[in-house]
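1. generate a structure from the sequence data that follows.
(2 chains)
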Protein chains: 2
Amino acid sequence: MKSEFDFIEKIRRRAQSAPIGTGIGDDCAVIPKDSKTDLVITADLLIEDVDFRLEWTTPELIGHKALAVSLSDAAAMGAKPVWAMLSIGIPEKIWKTDFVDEFYEGWFRLAKKFGVGLIGGDVSRTPDKIVIDSIVAGEAKKGKAVLRSGAKAGDLIFVTGNLGGAAAGLKLLDAGERYEKGSKSYVQKLLLRQLKPNPQTEIGQILGAKNLATSMIDLSDGLSSDLAHLCRESGVGAEIFADKIPFDENLRKIFPRRRKDALAEPSVMTRGFSEDERLNFALNGGEDFELLFTANPKKIFQLEKALENFNFSRIGKMSVNTEIIELISDSKTAVLRAKGFRHF
Amino acid sequence: MKSEFDFIEKIRRRAQSAPIGTGIGDDCAVIPKDSKTDLVITADLLIEDVDFRLEWTTPELIGHKALAVSLSDAAAMGAKPVWAMLSIGIPEKIWKTDFVDEFYEGWFRLAKKFGVGLIGGDVSRTPDKIVIDSIVAGEAKKGKAVLRSGAKAGDLIFVTGNLGGAAAGLKLLDAGERYEKGSKSYVQKLLLRQLKPNPQTEIGQILGAKNLATSMIDLSDGLSSDLAHLCRESGVGAEIFADKIPFDENLRKIFPRRRKDALAEPSVMTRGFSEDERLNFALNGGEDFELLFTANPKKIFQLEKALENFNFSRIGKMSVNTEIIELISDSKTAVLRAKGFRHF
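-> Residues are numbered from 1 along each chain as shown, chains lettered A, B, ... in the order given. Sure thing, here's the model as predicted:
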């Protein structure tokens, strides 16, 4: 069976017969806007029972996430988000509820935060499931959008924020935990990593504007898969250090406190997460919507200065071993396989 | 229950808090591109078992139609189509077939005809039904995109091509007729009006470039509904003449030849279409994807010259009776209600 990545590669070759800009296979397409500016643009489908479940989330959170995942793609190009479109298909039984009003409420709240304007979209009926297509356009200086293909061997590899929380949140939802508005427990924080991702729009824009990243991608499929995309597009390999991977702090907390919490906060997850699970969440879990980027080592001081107000970690460096990712820990070096999310 | 049009109106008001260009509620959004050019952009959802049925069409025809409906929206703005995005959600059982390859084949064939480049999109799994979001962007001279809101009382009303064929085709499909590749019977021609619409891209561009239309919309919902949209957005009314409405010639043929054809071309539709049905198809059927536009009567000669190579008809004129559409025939004048397609 064909993989979605093979298929996208095929479409990319086909589309080259009428090339307009670049970008099929990147986080966003890049097309010329005016003499100083390029437009970057992304579309993300969110499908009920594939990308979200109504019993696990709220209409407002779905609206937030629909925009957030596309803002994250624009951030991964180093672009400033500017406008958005939203297409939504709804079964009649959901149309009769307050779903769409609450959905747009969540969407507009996040849009306001980043000054993104809704310019259009479509509304349709569906036979059964909710479908959303979220489109976001951003602007980057001409020729300066950060692609997946710019990494060189020797470039340092960085990630923003902490990893694994979204996958842990998904596991907790699957195990029966439910989102409770206002609760600040660490279980709830993990659920929110899954249900309400924060796009790294500010960091993306800084890296783009200051020309500090040689390549970039957002962590939507999972570190192992997304780093593999960077390596393939750039024609390089990577070495990453297991002890440098920044685990979500709530993921760490859950483990030592599991016995106390079994009483204080009843959960089917009372055993907590093992170290292997944590590593698996961080490497293969996906949906953290942090940024993974590479930088020339000569720019390390400039980079640290530019991101001094943000949380980011250096996790390794790009190598000459084309498309090979090595995971280095105290005891051993292993080849890391791409095990992140894929539809097909 | 709220109608989709009321809902879109609500979203339009909401979106005005961060206005970027114009266009929610029009065929396309209009946003500034550079000092000389505006970008017009549209998104159209096509949902399996709402907009198409797999047993009534082919993957190639679905690909064609997905692009055609969006090209039609760009044409209705008087714009030249430039680039497109395509998001497609597919159930796993369909992914395993040749569906997506054939779908893109149909899409690319039409894209090539108009020089439209595919710049991106998304591919996702769905639980059950195919969903498509088709996005097309076009370019218009700054400030010259043709909106729904520019008609004045006294402006003449025109439609391109012939009407009612797509609705008749839908009725024939529903009655059991099936598309046969290569067949040139009039039943097949009507089926193709439904399954393979021709966007009026050339006419739209001419009207836009020569500044000849005061308002324009594509006939997707049906003449009665789409003319009501023009009237509401322009704050005027309309008078149209029943005998000026250009019926699809194949729709006319089917009626007088019904007995002969009942043998020559077996069909569950052997009774043919009555005059009332034909009028209903043309007024309320939708999906003809012709253009409905208005023009200042002073420009009538210029208009006739500009469109001398195309088929178009003058069907009436805009009036001062705000949002009232009068259908005038020999015997009577009746108020025409919007009975075109709506999702909700």
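2. now do A:Thr58 against B:Lys10, distance only.
-> 20 Å (C-beta to C-beta, to the nearest Å). The way it works is simple: take the backbone N, C-alpha and C, and place the C-beta from them, glycine included.
3. those two: who's more crowded?
-> A:Thr58 (17 against 14; other C-beta atoms under 10 Å in any protein chain shown).
4. surely the more buried one meets A:Glu102?
-> Yes. Using C-beta atoms under 8 Å, A:Thr58 is in contact with A:Glu102, at 7.0 Å.
5. touching stretch A:102-121 from outside, list them.
-> Stretch A:102-121 has contacts (C-beta atoms under 8 Å, 6 or more residues apart in numbering or on different chains) with A:58-64, A:66-68, A:71, A:81-88, A:133, A:135-136, A:199, A:201, B:11, B:14-15, B:17-21, B:23-24, B:28-29, B:31, B:41-43.
6. for ChimeraX, write the select line for the buried members of the residues you listed.
-> Buried residues among the contacts of stretch A:102-121 (16 or more other C-beta atoms under 10 Å in any protein chain shown), as a ChimeraX selection:
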select /A:58,59,60,61,62,63,64,66,67,68,71,81,82,83,84,85,86,87,88,133,135,136,199,201 /B:11,14,15,18,20,21,23,24,28,29,31,41,42,43
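7. among the contacts of stretch A:102-121, which lie within strands?
-> Members of these lying in strands (criterion: DSSP state E): A:81-88, A:133, A:135-136, B:29, B:31, B:41-43.
8. tell me which helix or strand the residue nearest to the spatial centre of chain A sits in.
-> Nearest to the mean C-alpha position of chain A, counting by C-alpha atoms, centre = their mean, stands A:Phe289 at 2.6 Å. Assigned by DSSP states H and E, A:Phe289 falls within no helix or strand.
9. from A:Asp221, how far out is it?
-> Distance from A:Phe289 to A:Asp221, by C-beta to C-beta: 11 Å.
10. what is A:Asp44 paired to in the beta sheet?
-> Bridge pairing for A:Asp44 (DSSP bridges) gives the partners A:Ser134.
11. stretch A:210-223 near chain B at all?
-> No. Legend: contact between stretch A:210-223 and chain B by C-beta under 8 Å from any C-beta of the partner chain is lacking; minimum distance shown is 11.2 Å.
12. and that stretch, how far out from the chain middle?
-> 10 Å (C-alpha atoms, centre = their mean, to the nearest Å).
13. what's the end-to-end length of it?
-> 24 Å (C-alpha to C-alpha, to the nearest Å).
14. flag every buried residue along that stretch.
-> A:210, A:212-223.
15. next SSE downstream of the lowest-mean-pLDDT helix or strand in chain A?
-> Lowest by mean pLDDT, DSSP states H and E among the helices and strands of chain A is helix A:258-264, with a mean of 47. Sequence-wise, the next helix or strand downstream of helix A:258-264 (DSSP H and E) is helix A:275-280.
16. after that following helix, next one along is what?
-> Counting by DSSP H and E, what follows helix A:275-280 is strand A:291-295.
17. for A:Ala188, grab the count of nearby residues.
-> Check again: residue A:188 is Gln, not Ala. For A:Gln188, using other C-beta under 10 Å, the count is 21.
18. buried residues in the helix or strand containing it?
-> Under the criterion of DSSP H and E, A:Gln188 resides in helix A:186-195. Buried residues in helix A:186-195, counted by 16+ other C-beta under 10 Å: A:186-195.
19. so what touches that helix?
-> A:56-57, A:61, A:65, A:165-170, A:172-173, A:177-180, A:248, A:250-251, A:253-254, A:265, A:267, A:269, A:287-288.
20. do you know the pLDDT at the closest residue in space to A:Lys65 that isn't next to it in sequence?
-> Distances taken as C-beta to C-beta, 6 or more residues apart in numbering or on different chains put A:Pro197 closest to A:Lys65, at 6.2 Å, once the chain neighbours are dropped. On the pLDDT scale, A:Pro197 is placed at 98.
21. can you verify A:Pro197 is assigned to a strand?
-> No. Per DSSP: H, G, I helix; E, B strand; the rest coil, A:Pro197 lies outside any strand segment and is coil.
22. test my guess that it contacts A:Leu67.
-> No. Contact status for A:Pro197 versus A:Leu67: not in contact, 10.0 Å apart, counting by C-beta under 8 Å.
23. contact partners for the residue nearest to A:Lys65?
-> A:65, A:68-69, A:72, A:166, A:287-289.
24. skip the chain neighbours and tell me the closest residue to A:Leu39.
-> A:Lys33 (4.4 Å).
25. sorry, that was for A:Leu61
-> A:Leu195 (4.8 Å).
26. got the CA coordinates for stretch A:143-163 in PDB?
-> Extracted C-alpha coordinates of stretch A:143-163, given in PDB (Å, rounded to 0.1, in the frame of the first residue of the first chain):
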ATOM      1  CA  GLY A 143      13.400  34.300  -0.400                       C
ATOM      2  CA  LYS A 144      13.800  34.000   3.400                       C
ATOM      3  CA  ALA A 145      11.000  31.500   4.300                       C
ATOM      4  CA  VAL A 146      12.700  28.700   6.200                       C
ATOM      5  CA  LEU A 147      12.400  25.400   4.300                       C
ATOM      6  CA  ARG A 148      13.000  21.900   5.300                       C
ATOM      7  CA  SER A 149      15.700  21.600   2.800                       C
ATOM      8  CA  GLY A 150      18.400  24.000   4.100                       C
ATOM      9  CA  ALA A 151      20.200  22.000   6.700                       C
ATOM     10  CA  LYS A 152      23.900  21.200   6.300                       C
ATOM     11  CA  ALA A 153      26.000  18.600   8.000                       C
ATOM     12  CA  GLY A 154      27.400  20.100  11.100                       C
ATOM     13  CA  ASP A 155      24.400  22.300  11.800                       C
ATOM     14  CA  LEU A 156      23.100  22.200  15.300                       C
ATOM     15  CA  ILE A 157      19.600  20.800  16.000                       C
ATOM     16  CA  PHE A 158      17.200  22.500  18.400                       C
ATOM     17  CA  VAL A 159      13.700  22.100  19.600                       C
ATOM     18  CA  THR A 160      11.500  24.600  21.300                       C
ATOM     19  CA  GLY A 161       9.600  23.900  24.600                       C
ATOM     20  CA  ASN A 162       9.100  20.400  25.900                       C
ATOM     21  CA  LEU A 163       8.100  17.200  24.200                       C
END
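27. mind listing what's buried in it?
-> So for stretch A:143-163, counting by 16+ other C-beta under 10 Å, buried means A:144-151, A:155-163.
28. go on, stretch A:42-61?
-> A:42-48, A:50-52, A:56-61.
29. where does pLDDT dip in chain A?
-> A:1, A:17-19, A:23, A:254-271 (pLDDT under 70).
30. try it again with 50
-> A:255-266, A:268 (pLDDT under 50).
31. gap between stretch A:326-342 and the chain center?
-> Taking mean C-alpha positions (C-alpha atoms, centre = their mean), stretch A:326-342 and its chain are 20 Å apart.
32. surely A:Ala140 forms part of a strand?
-> Yes. According to three-state DSSP, A:Ala140 belongs to a strand.
33. show me what it is bridged to.
-> A:Asp38.
34. thought it was touching A:Val30?
-> Yes. With contact defined as C-beta under 8 Å, A:Ala140 reaches A:Val30; the gap is 7.5 Å.
35. flag every residue of the stretch 201-344 of chain A that's near chain B.
-> So far as C-beta under 8 Å from any C-beta goes, the stretch 201-344 of chain A lies against chain B at A:343-344.
36. now the stretch 201-344 of chain A against chain B: closest residue?
-> A:His343 (4.0 Å; C-beta to the nearest C-beta).
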